[in-house]
Every structure is written in C-alpha cells, then in structure tokens.
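Trainee: structure here, sequence nowhere to be found:
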C-alpha cells in the first residue's frame, strides 16, 4: 500500500504534532516532578501530617477525575471496609462501574477537618499513626469553576474516613458517608 519506509501523511502529522492528551500527560508528569523536587528541597523541614493527608486527597481526586482505578485503589488499605462492609476489591468494582457509567468526572472537595489522634501523636513509629478526615465531595459531570460551590449541580456528600499511616503514606482504612447540602459547607 505504501512504499517501504513511507507513512501516511496523518501519521507524519501526529509524529510532529502530539495530541492534546499527550501534552496533558507531559504537563502532569512535569508538575509531579516539580512537586517532588520541591519536597526534596524542603527535606530539612518535616512536612506536617495534615499536609501529607491533604496531598493524599489531591492524589485521590486527580486519580478519580482521570479514571485511574489502580491509583485510586492504592489509597485504600488491604483491610479497607466501608459503612456497607464493602471490601477494597468490592470498592474497586463499584468505582469501575461508576467510571464506565460517567463520561467525565469532576470533583469539588473541601476538607472539613483533619484530626490526628492524640494517643498516636506521641509515638515515634509512623506505622501506627491514625487520623480522622472529614471532607465534602461534590460529584459533577462538568468542571467546577473556582472555589465556590454555589451553583454546583452535583451530588454533595460528606465523607468521614479513618486513616492509618503506612510507611510514608496515609491510607483509608474505613469510610462512611452521608448526603450533605450546600448549607453544610
């Protein structure tokens, strides 16, 4: 069909002009690398546990919006359970179905509280540290503009999550949620 070594013109165009998704992937990679460099630059200072939890939330939100099931499941402990006694594996199946049913996913989040539990705060072993996170999550089909939830057409939920620190990562061990209203914010 084509002479050896020749490609159709559209393939040449794609090799010269990468797609938008490729550009976004590169931008995300560069942002991640810059973030890691900034963490390394601040290595003399300890990052607060609250900031570590906020970073875990950011990673989970990014994974959900990009429909990266594996990255989202990695935020859950092996012994994860929710208020309906769903396991980590069952939660993964529910998320897969949610991703399949929704063309695009956009999340609005607002942290209500982060409580590092006092009985573990004095321990030096990070593996036993625990925290409770309360966070509002708005699930929308369109991007949420700005920090204001006003006019948000989404399901608004209040999650309460029991977190445990495993090595350097905070993971969700248990979760509970209920419907919330914009008045709750």
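Mentor: The structure has been received and is ready for your questions. This one's a predicted model, so the numbers in the text were calculated from it and none came from an experiment. Numbering: from 1, shown residues only.

Trainee: give me the pLDDT value at residue 87.
Mentor: Model confidence at residue 87, given as pLDDT, is 94.

Trainee: swap in residue 166?
Mentor: Looking at residue 166, its pLDDT is 89.

Trainee: next: the one 3 residues further on.
Mentor: At residue 169, the predicted lDDT confidence score is 90.

Trainee: which residue, other than its chain neighbours, is closest to it?
Mentor: In this structure, residue 169 finds its nearest non-sequential neighbour in residue 56, 7.0 Å apart by CB to CB, 6 or more residues apart in numbering. For every residue, glycine as well, the C-beta is placed using N, CA and C.

Trainee: surely the one you found meets residue 166?
Mentor: No: between residue 56 and residue 166 there is no contact under CB atoms under 8 Å: 11.0 Å.

Trainee: for the two, work out which one has more neighbours and name it.
Mentor: Relative neighbour count places residue 56 above the other of residue 56 and residue 166, with 18 against 15, counting by other CB atoms under 10 Å.

Trainee: what's the helix or strand for the more buried one?
Mentor: Per DSSP states H and E: residue 56 is located in helix 49-65.

Trainee: buried sites along whichever helix or strand comes after that helix?
Mentor: Per DSSP H and E, the first helix or strand lying C-terminal to helix 49-65 is helix 69-73. Within helix 69-73, the residues that count as buried by 16 or more other CB atoms under 10 Å are 69, 72-73.

Trainee: please apply the same query to stretch 128-138.
Mentor: Residues of stretch 128-138 classed as buried under the neighbour-count rule (16+ other CB under 10 Å) are 129-131, 133, 135-138.

Trainee: cool, stretch 162-169 as well?
Mentor: For stretch 162-169, a neighbour-count test (16+ other CB under 10 Å) marks 162-165, 169 as buried.

Trainee: okay, and which of the residues you listed map to strands?
Mentor: Residues of the buried residues of stretch 162-169 located in strands (DSSP state E): 162-165, 169.

Trainee: of those, closest to residue 111?
Mentor: Checking those against residue 111 by CB to CB gives residue 163 as the nearest, at 12.3 Å.
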